[in-house]
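**Student:** Any chance you could fold what I've pasted below:
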Amino acid sequence: MTFTIVRSFFILLCGLMGYQLGDILKIGAFSQSIGAIAGIIVAGMVIVLEYSTKRVSVKGLSSAVFGIVFGILFAWLIIGVFKLIPMDDDLRAEFNGILILIFAYLGMVMAVRGKDEFNIIIPYVKLRREDQREEFIVLDTSVIIDGRIADICRTKFLEGKLIIPRFVLKELQQIADSADPIKRNRGRRGLDMLNKVRKSGQMEVRIHEDDFPDIKDVDAKLIKLAKALNAKVFTNDYNLNKIAELQGINVLNINELANALKPVVIPGELLEAKVVKEGKEYNQAVAYLDDGTMVVIDNARHAIGHTVKVTVTSVLQTAAGKMIFAKLDSQR
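**Tutor:** Numbering: from 1, shown residues only. Down below sits the predicted model:
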């Protein structure tokens, strides 16, 4: 609505200016009307041009201007060298114009192509002393939906600013609007977690607007953004974790953190756990500790539904977490 009012006002002013210009030039019997119509047409052309460039970001435009200025400065350096060569003045002027045009074009194209690597142009990255480095943590969709991030932020173990890319919010909104009730609930929980983190004030949360339209995959966009911001990626996605590590990006994996916080047990240690179901092998049963660690107990099928004391026989560390093998305590 605001843009409609501004555009209408702009067309009216252009029409009035065209009317006055026609009155001054007096190019015919209807010069004032012709001037007003010409002003309206020019305003319409400007609005069409403005509408066609609505996808041009401020960062892209600033990169292009930077590239043009840099190209012109480089061209003037070359021109200064060529002044030492005797040449006709008209030819020299033509030659200088060609050099400026070529280098301005090359500078603009190179700057726009590499705009994502211009850290001084990207929001939230400031020129600062090396000993005052600012930390950024980029969140992916999976870690937001997981929900544990709110509790982690409350513990104050994380330092820096949480960066939520606009494309991650868009993906989260699509999940929240899904026809599948399970996906819809997960998406809404993720949005609730973000609001909880933001309102808690424990960490600064910022929305990053860069969308990288030339990249379709969300994980690839996250890696591109993390590289541009020199940021860490906070995730619990195994594939994203590995890809990011291969590209030299620091990753904060919430599952690895959870596994690291589980208590260490050693063979021969005595534990207490409630047996909940049968195991895969004969007469085997499965129990869980309070932190969710699976305990596989030999010859304990008869103890399903009871809390028993077991002796640890071995511990297996897997990608999914820690698994404990045990046997019933001999005193039972």
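
**Student:** going forward, measure contacts and count neighbours with C-alpha atoms only.
**Tutor:** Will do.

**Student:** quick one: Leu61 from Ser52, how far?
**Tutor:** When Cα to Cα, to the nearest Å is applied, the distance between Leu61 and Ser52 equals 14 Å.

**Student:** list the contacts for Cys153?
**Tutor:** Counting by Cα atoms under 8 Å, 6 or more residues apart in numbering, Cys153 touches 197, 202-203.

**Student:** Report the rounded mean pLDDT for the helix or strand hosting it.
**Tutor:** Under the criterion DSSP states H and E, the helix or strand holding Cys153 is helix 149-155. Per-residue confidence for helix 149-155 averages out to 81 on the pLDDT scale.

**Student:** buried ones in it?
**Tutor:** Burial within helix 149-155, assessed by neighbour count using 16 or more other Cα atoms under 10 Å, is assigned to 149-150, 153.

**Student:** Can you list the residue ranges for strands in the stretch 151-300 of the chain?
**Tutor:** Assigned by DSSP state E, counting those that start in this stretch, the strands in the stretch 151-300 of the chain fall at 161-165, 204-208, 232-235, 251-253, 270-278, 285-288, 294-298.

**Student:** just those: most buried one?
**Tutor:** The highest average neighbour count among these, using mean count of other Cα atoms under 10 Å, belongs to strand 232-235 at a mean of 24.

**Student:** Leu61 and Ser52: which has the busier surroundings?
**Tutor:** A direct count of neighbours by other Cα atoms under 10 Å for Leu61 and Ser52 places Leu61 higher, at 15 against 10.

**Student:** Can you list the buried residues in the helix or strand containing Tyr51?
**Tutor:** Under the assignment given by DSSP H and E, the secondary-structure element containing Tyr51 is helix 31-52. For helix 31-52, burial by neighbour count (16+ other Cα under 10 Å) applies to 31-44.

**Student:** just stretch 97-110 next, same as before
**Tutor:** Using 16+ other Cα under 10 Å, the residues of stretch 97-110 that count as buried are 99-101, 103-109.

**Student:** residues making contact with it?
**Tutor:** Counting contacts by Cα under 8 Å, 6+ apart, the residues outside stretch 97-110 that touch it are 63-72, 74-76, 79.

**Student:** outside of stretch 72-79, which residues touch it?
**Tutor:** 96, 99-101, 103-104.

**Student:** could those be laid out in JSON lines, adding distance to Phe136, pLDDT and secondary structure?
**Tutor:** Putting the contacts of stretch 72-79 into JSON lines (distance: Cα to Cα, whole Å; pLDDT from 0 to 100; DSSP: H, G, I helix; E, B strand; the rest coil) gives the following:
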{"residue": "Asn96", "distance to Phe136": "45", "pLDDT": "81", "secondary structure": "helix"}
{"residue": "Leu99", "distance to Phe136": "42", "pLDDT": "81", "secondary structure": "helix"}
{"residue": "Ile100", "distance to Phe136": "39", "pLDDT": "83", "secondary structure": "helix"}
{"residue": "Leu101", "distance to Phe136": "39", "pLDDT": "82", "secondary structure": "helix"}
{"residue": "Phe103", "distance to Phe136": "36", "pLDDT": "82", "secondary structure": "helix"}
{"residue": "Ala104", "distance to Phe136": "34", "pLDDT": "83", "secondary structure": "helix"}
